[in-house]
Each structure stands twice: as C-alpha cells, then as structure tokens.
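**Student:** I would like the atomic coordinates for the input below:
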Amino acid sequence: MTTNEAVPVSPAKPRARKGARPKHVPQRMCVVCRDRAAKRALTRVVRTTDGLVEVDASGKKNGRGAYLCDKAACWDRAVETGTLGRALKTTIDAGAAETLRRHAASLANAVQPRSGTIIVVREESNR
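**Tutor:** Numbering: from 1, shown residues only. Next comes the predicted model:
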C-alpha cells in the first residue's frame, strides 16, 4: 500500500434514539411502617431549629425531618411508641403530640385524588 491510496471507510451507523428520560420521583420511607412511597405522598414532620415539632405541609422547612404515611395507625404508633421522637432526635412533648394527633384525625377525613387537590369528605347527619 502506498501513502496516496485511499483506505475504505465503513459508513457510520446512525445512533438509535432513545425515548424521553423518565422524570425522577424522589422516594421516602415512613418511619413507622417502613413503606416506601413518593415524597409528595408522605407527610413530613420536622423538628425546627427552635426545637419545636411541626407538620411541614410544604416539605421545605428547615430542620430535621421524618416522613409518615397517611395511615392512622402509623400516626398513633409514631407518637405513642416514641418512634417519631427517635427519628427527629428529640422528645415530643404533650402539646406537640396533641397537634400531631389532630393532624392525623384530619388526614382520616381527607381523600387525595391523583390531581393533587384535597377533597374533604363530610358525613351527613340524620335530621
């Protein structure tokens, strides 16, 4: 072969295009039942920098957070057994425990459809 001869080149294969990449959905775990779910499907409870324990509806408050699912049994066990206190590395006082119980009761009355809006179900009273 001389230096002036052309070397045959195989034609480049076109790249196979892949579909759109699926959107990443953050996963979190309930501290009581250990079920994994999407971050938005769970409720975040946070220990603020002031040491208060609050329900974080936005999921963005500063502080140490723990997640609970919407099952009433998980909320009851989280407060009664101290599981939530261990996850938040604090002790939950009676006032915060009562606030958490009231929030758990409100979850029992709410149904969340896939659209993200909350519908409150009210029982009709017999007149």
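**Student:** Please enumerate residues in contact with the longest helix along the chain?
**Tutor:** For the chain, the longest helix by residue count, based on DSSP state H, is helix 94-109. Residues outside helix 94-109 that contact it (C-beta atoms under 8 Å, 6 or more residues apart in numbering) are 43, 45, 52-55, 70, 72, 75-76, 78-79, 84, 92, 120-122. From N, CA and C alone the C-beta is placed, and that goes for glycine too.
**Student:** Identify each buried residue in that helix, please.
**Tutor:** Using 16 or more other C-beta atoms under 10 Å as the test for burial, helix 94-109 gives 96-97, 99-100, 103-104, 107.
**Student:** For these, work out which two are farthest apart.
**Tutor:** 96 and 107 (16.6 Å; C-beta to C-beta).
**Student:** Could you name the specific helix or strand carrying the closest residue to residue 71 other than its chain neighbours?
**Tutor:** Spatial nearest neighbour of residue 71, chain neighbours left out: residue 33 (6.9 Å); criterion: C-beta to C-beta, 6 or more residues apart in numbering. For residue 33, there is no host helix or strand (DSSP states H and E).
**Student:** In this protein, where is pLDDT below threshold?
**Tutor:** 1-3, 7-12, 108-127 (pLDDT under 70).
**Student:** One more pass at 80, please.
**Tutor:** By pLDDT under 80, the low-scoring segments of the chain are 1-18, 108-127.
**Student:** start to end distance for stretch 21-37?
**Tutor:** 20 Å (C-alpha to C-alpha, to the nearest Å).
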